[in-house]
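Novice: kindly generate the corresponding structure for this input.
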Amino acid sequence: MTTPPSENTFSPVAPTGTLILGATPLGNLGDATPRLRAALATADVVAAEDTRRTYQLARDLDVTISGRVLSHYDHNERDRAPQLIEFLQQGLTVLVVSDAGMPTVSDPGYRVVSLAVAEGIPVTCLPGASAPLTALALSGIGTDRFAFDGFLPRKAGPQRAWWESLKTEPRTVIFFESPHRLADTLALGAEVLGDRPAAVCRELTKTYEECRRGTLMELADWARAGVRGEITVVVAPGSPAGDDTSNATLIRQVEELVAEGIRLNDACGAVAKSHGRRKRDLYQAVVAAICVKQSGLFTTAVLAGAGG
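Specialist: Modelled structure (predicted):
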């Protein structure tokens, strides 16, 4: 008969703390979740991208931070991460927050998560605001397949090479850009990709939130008048390798078929098949073009043929 283990059995493995990634609001305090509020109040250590902003966030949320607050940003992340691991190995709870949005996504956090995983330390996440996903949802551009590229290269050569890679990129692409570089960045994209549909989202969740849709050149012209705030750009998918037919050409072919009385779904299927494209991708490109044009024969004809 097997003897049940004693309640006082010694375990040589010391308990570890939990690493928590907490998404913070992009600008609207109403987006702070109850779980984030609780974590700010109870975590033993809060690793903050900017300690002043985190303290201000806590005050705005009427939360008192009881734990130790440490800076954790791009330039000290490499040295700070091992220290946070030591705290976790001592059984402390460590909360990682960025200035806005989800840690690790174009923000500090990846290094400490990677080390925690390697050490077998529990890692959890408090979901919440995320600028890339919010912009994607607002853009009117296909959402079934997408990639996020953070900030683009600043120098013209590497950035041109990045835009060139989008010619055959089958996914929607999201990136961040600064307001003073936005116009030039979009103009270079238009030079490489032509009239590719895109969307510029700024000040997401804030009072002056705006989502401007159009072709890359239309958006570049708009941005030259001056743009402020946090910027997220969404660019429609390109053509697969071996077919350099532009989306605009395919959309025009769909338009012609719809004008002849063919339903939008069937028109997209026929054009996609003839060019070796995915029907779903082309359909989403057409919908994005509708959002861009907003008026005229194309919109009315396509919408009329979209039924059924």
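
Novice: quick one: low-confidence ranges for the stretch 201-308 of the chain?
Specialist: 240-244, 276, 292-308 (pLDDT under 70).

Novice: please identify the helix or strand for the residue most central in space within the chain.
Specialist: Against the mean C-alpha coordinate of the chain, by CA atoms, centre = their mean, the closest residue is P132 at 1.9 Å. Under the assignment given by DSSP states H and E, the secondary-structure element containing P132 is helix 131-139.

Novice: ok, L282 next?
Specialist: L282 is located in helix 279-293, with elements delineated by DSSP H and E.

Novice: tell me which residues in that helix are buried?
Specialist: Within helix 279-293, the residues that qualify as buried by neighbour count (16 or more other CB atoms under 10 Å) are 281-293. Quick note: C-beta positions are derived from backbone N, CA and C, even for glycine.

Novice: which non-adjacent residue is nearest D31?
Specialist: Spatial nearest neighbour of D31, excluding adjacent residues (CB to CB, 6 or more residues apart in numbering): P25 at 4.2 Å.

Novice: for that neighbour, the count of nearby residues, please.
Specialist: 20 (other CB atoms under 10 Å).

Novice: how far away is W162 from E169?
Specialist: Computed as CB to CB, to the nearest Å, the W162 to E169 distance reads 10 Å.

Novice: so where do the strands sit in the chain?
Specialist: Taking DSSP state E as the criterion, the chain carries its strands at 19-22, 45-48, 68-71, 94-97, 123-126, 146-151, 172-177, 197-202, 210-215, 231-235.

Novice: now the ones you listed in TSV, with distance to P103?
Specialist: TSV is the format used below for the strands of the chain (distance: least, CB to CB, whole Å):
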stretch	distance to P103
strand 19-22	5
strand 45-48	9
strand 68-71	14
strand 94-97	5
strand 123-126	9
strand 146-151	14
strand 172-177	15
strand 197-202	21
strand 210-215	25
strand 231-235	17
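
Novice: bridging residues for the closest residue to A39 other than its chain neighbours?
Specialist: Sequence neighbours aside, L95 is the residue nearest to A39 in space, at 4.9 Å (criterion: CB to CB, 6+ apart). L95 has these beta-bridge partners by DSSP bridges: I20, V46.

Novice: winner for burial among the strands of the chain?
Specialist: Comparing the strands of the chain on average neighbours per residue, with mean count of other CB atoms under 10 Å, the densest one is strand 94-97 at a mean of 28.
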